[in-house]
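> Predicted model follows, preceded by the sequence.
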Amino acid sequence: MRYESGTGTDGSGGTGGTAVPMAWFYAEYIAEELLRTGDLMPPTTFEFRAGREALALTVFLADTEDALSGIRVVTELETWLALTAYDQCWQEWVAERLAERRARGPEDPDLRLARAAWRWLEETELLAPDLDAVPGAAALPEKERPPVWTPAWRLGLPLGHLAIHLF
């Protein structure tokens with residue numbers, strides 16, 4: 001979904017304008033609305049951003065026809081739910097889909113923003129409870145769980161998955 005601005009750089013109103021990354025912006029909008037509706041995390045937190053970026057990547061990369069429309073959002077929820085499930089190799093799927101899109105031709109503004117989001121999710125680490133470190137840690141009170149630094153996508157992905165469930 002590639003749109004161009006309606007005014008040329010010379011002010012003539014021509015169609016030779018700048019490409020606007022509408023597909024990425026739309027994916028971010030959907031992700032943010034899902035997270036806000038779920039009311040799981042304040043929108044000002046890094047955790048919310050991690051959820052938004054993970055969901056936006058899922059929405060953007062799952063759209064193989066570059067034609068995600070508002071009416072299709074409801075029909076895509078099950079796909080996004082399956083892609084963000086705990087037992088899936090989401091990070092590998094993202095890397096493969098980004099490589100496929102990049103191989104299609106010159107990198108468009110949508111893909112540049114998606115790749116920047118993926119870099120942020122991989123490189124940013126957030127402090128979170130380490131539920132894998134202690135047997136039965138999920139049953140412990142939050143204050144007693146040992147914290148660990150984890151890539152942002154590891155926190156954002158389950159948050160996004162839960163937001164889809166709650167929608």
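Received, thanks. Numbers count the residues shown, from 1 in each chain.
> which residues does the residue nearest to P109 when sequence neighbours are not counted contact?
Counting by C-beta to C-beta, 6 or more residues apart in numbering, P109 lies nearest to P21, which is 3.8 Å off, once chain neighbours are set aside. Backbone N, C-alpha and C define where each C-beta goes, glycine included. P21 makes contact with 108-110, 112-113, according to C-beta atoms under 8 Å, 6 or more residues apart in numbering.
> quick one: which of those is most hemmed in?
D110 (22 neighbours; other C-beta atoms under 10 Å).
> Could you report the pLDDT at E122?
At E122, the model reports a pLDDT of 94.
> Mind checking what secondary structure it has?
helix (DSSP: H, G, I helix; E, B strand; the rest coil).
> That one and P151 touch, don't they?
Yes: E122 is in contact with P151 according to C-beta atoms under 8 Å; the separation is 5.8 Å.
> Give me the more crowded residue out of those two.
P151 (18 against 14).
> Beta-bridge partners for that one, please?
E125 (DSSP bridges).
> Low-confidence bits of this protein, can you list those?
By pLDDT under 70, the low-scoring segments of the chain are 1-18, 65-72, 129-140, 142-145.
> element containing the closest residue to W120 other than its chain neighbours, please.
Closest residue to W120 apart from its sequence neighbours, by C-beta to C-beta, 6+ apart: E53 at 6.2 Å. E53 is located in helix 46-62, with elements delineated by DSSP states H and E.
> Just the buried residues of the helix or strand just after that helix, please?
Remark: after helix 46-62, the chain's next helix or strand is helix 73-83, criterion DSSP H and E. Buried positions in helix 73-83, judged by neighbour count with 16 or more other C-beta atoms under 10 Å: 73, 76, 80, 83.
> The next helix or strand along the chain from helix 73-83 to helix 73-83, inter-axis angle?
Sequence-wise, the next helix or strand downstream of helix 73-83 (DSSP H and E) is helix 90-103. Interaxial angle of helix 90-103 relative to helix 73-83 (axes from the mean of the first three to the mean of the last three C-alpha atoms, to 10 degrees): 120 degrees.
> for helix 90-103, packing partners?
In terms of contacts (3 or more C-beta pairs under 8 Å, 6 or more residues apart in numbering; DSSP states H and E), helix 90-103 is packed against helix 46-62, helix 109-123, helix 152-166.
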